[in-house]
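J.: Attaching a predicted model along with its sequence, questions to come.
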Amino acid sequence: MNRWKKSSLLYGLGYPILSGSITYLLLLLAFNRVTELSETIFKAEWIVCIVVSYIWNTSIIFLSRWTKHKLDEIEVISEKIFFHAVGVVIGSILIIGISISAYFYGLIGYSSFSSFSTEMYVFQGLYIFQTLLYECAFWGNHLIKMSNDEAQLEEKKRTNFINEEMKAFAEDAHLPFLYETLETIIGLSYKNPDEAEEYAEKLAKVYRNNLQSRKEEFIPISHAFQLTKDVSDLLNTSRSGGLHAHFEACDKHVHLLFPPMVLPRILVGIAADYIASPLQPLEIKFSIKDEQLVMIAHSCNEKIDHQNSLSQVMDSVKNTLDHYTKVPIQRIQKENEYYIILPAFTSTDNAWQTKAEVNIQPNDQTLFRNS
C-alpha cells in the first residue's frame, strides 16, 4: 500500500512538470518560436504551462473518480466508458478554459477573447488529447483490475467448491464410523475370521453404495432408509448389540425423495455422541411424520466427556438442505428423547430419475410450525 501511495505522489508531482514542459514545447512549435529556446528555456510561459498542467491534472483525477462513482449504476462497461470519457473531456475543456482565461484576462490584461483565441484553441486541443490519453490509461488500469478481481473471485469460488467437496466427501466417508468398524474387523479377525470376512464385505457394500449414491442429488426415501439401516447394522455389531435402529415407511411414502447420505451422517453423529452398549442401549427410530417430514427420534444417553459433534453434523446437514429449502431443521427434546425433524421432498414428475429438467421441491413447510 505504501508503494502505491509513493507512486501516486510521484505521479502527482512529476507528471505536471513533464506535461507542462511538453505543452510549452508544442506551443513554441505551433507559433514558430522554437528559436527562443536558444536564448533560455526558463521563461514565464514555461512556468505558466506547468501551473496549468498541475491544475488540470489534479482536477481531472478528482473529476474522473467522481464521474466513475456517479456512473456505477450503469452495468454495460462500454456505455460507462463512453459517458465517463464525455464527462471528463467536458470537464477538461472547462478547466483549461477557466485557467487560460484567468491568465490572459487577469495577468496579461487582454480585454477580449479574440486577442488570445488562437492560444485558447491550441491549449484546448493539446489538453483534450492528454485527457483522452488519461482516459485510456484510467480505463486500461480499471479493466485490468476488474479482470484480476474476477480471476480472484473465480479462484476463490473454485477453492471454496473444492473445500466443500472435500468436506462433503469426508462427511460421507463417516470417518468415526470407519475407524470403529475397522477396529471391529481387527477384533473379529482374532475371534472369528469368517465373521470378520462377512463384516468386511458388509462394510465394503456400504461404501460402494455411498459412492454410487453420491452421483445422485436425490434418492427415494426407501433407499435412504436402506442405506442407513446397513450402517446401523454394522454399528450394532461394533457396539455388541447396543444400538437398535428402527425404520418405519410404507408404500404410500414411495413418492418421497431425500438427499443421499444425510441420514447415515446423522446416525453416525448420534452414535458418536451417545452411549450405545448392551447395558444402556441406544434406541433410534426413523419414520415419516404427517406424510411429509422425516423424523428421527433417539434416546438421551449422552457421553459426559464427549464433545457434541452432533451439532457439527447438524450444521453440515443444514448446509446440504439449504441448497433446496431455507426452512430450519428442528431438534426438540421431549423427556428422555430427542427429535430431529427434516423436510422430505417430492417430484412433479414420476420419471425424475431420467429427466434432467424436473422440479423437485420440499413439501408443505407449514407442518414445521405444528411439529
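T.: Yep, it's here. Numbering: from 1, shown residues only.
J.: K205: what's its closest spatial neighbour, skipping adjacent residues?
T.: D230 (6.7 Å; Cβ to Cβ, 6 or more residues apart in numbering). In short, each C-beta sits where N, CA and C put it, glycine included.
J.: Quick check, the one you found in contact with V206.
T.: Yes - in this structure, D230 is within contact of V206 by Cβ atoms under 8 Å, at 5.0 Å.
J.: quick revisit: who's in contact with the residue nearest to K205?
T.: Residues near D230 by Cβ atoms under 8 Å, 6 or more residues apart in numbering: K202, K205, V206, N209.
J.: now, among those residues, which is nearest to L107?
T.: Within the contacts of D230, the smallest distance to L107 is 89.9 Å, found for N209 (Cβ to Cβ).
J.: what's the burial count for G97?
T.: Neighbour count for G97, taken as other Cβ atoms under 10 Å: 14.
J.: name the element it belongs to?
T.: Following DSSP states H and E, one finds G97 within helix 77-102.
J.: Tell me how far that helix lies from the chain's centre.
T.: With Cα atoms, centre = their mean, to the nearest Å as the basis, helix 77-102 stands 38 Å off its chain's centre.
J.: I'd like to know the average pLDDT value across whichever helix or strand T118 is part of.
T.: Counting by DSSP H and E, the element that carries T118 is helix 117-173. Averaged across helix 117-173, the pLDDT comes to 81.
J.: Distance from the helix or strand following it to the middle of the chain?
T.: Following helix 117-173 in sequence order, the next helix or strand is helix 175-191 (DSSP H and E). Here helix 175-191 is found 40 Å from its chain centre; the criterion is Cα atoms, centre = their mean.
J.: Which residues in whichever helix or strand comes after helix 175-191 does the neighbour count mark as buried?
T.: Later in the chain than helix 175-191, the nearest helix or strand by DSSP H and E is helix 193-213. Buried residues in helix 193-213, counted by 16 or more other Cβ atoms under 10 Å: A196, Y199, A200, L203, V206, N209, N210, S213.
J.: pLDDT score assigned to the nearest residue to the first one once chain neighbours are set aside?
T.: Counting by Cβ to Cβ, 6+ apart, A196 lies nearest to L188, which is 3.6 Å off, once chain neighbours are set aside. The pLDDT attached to L188 in the predicted structure is 87.
J.: Contacts only, for L188.
T.: L188 is in contact with E195, A196, Y199, counting by Cβ under 8 Å, 6+ apart.
J.: pLDDT for those - can I get that in a markdown table?
T.: Output for these, formatted as a markdown table (pLDDT from 0 to 100):
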| residue | pLDDT |
| --- | --- |
| E195 | 90 |
| A196 | 89 |
| Y199 | 89 |
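J.: wait, isn't I341 in contact with K289?
T.: Yes - with contact defined as Cβ under 8 Å, I341 reaches K289; the gap is 6.8 Å.
J.: Compare these two and say which is more crowded by neighbours.
T.: Using other Cβ under 10 Å as the criterion, I341 and K289 rank with I341 on top: 19 against 16.
J.: Which strand residues bridge the more buried one?
T.: Taking DSSP bridges as the rule, I341 bridges to M295, Q330.
J.: ok, now how distant is it from I266?
T.: With distances defined as Cβ to Cβ, to the nearest Å, the gap from I341 to I266 amounts to 12 Å.
J.: just H323 next, same as before
T.: 17 Å.
J.: who has more neighbours, these two?
T.: I266 (24 against 9).
J.: So T325 sits against K318, correct?
T.: No - checked against Cβ under 8 Å, the pair T325 and K318 is beyond contact range at 10.3 Å.
J.: Please say which of these two ends up with more neighbours.
T.: A direct count of neighbours by other Cβ under 10 Å for T325 and K318 places T325 higher, at 15 against 12.
J.: any idea how far S147 lies from W139?
T.: 12 Å.
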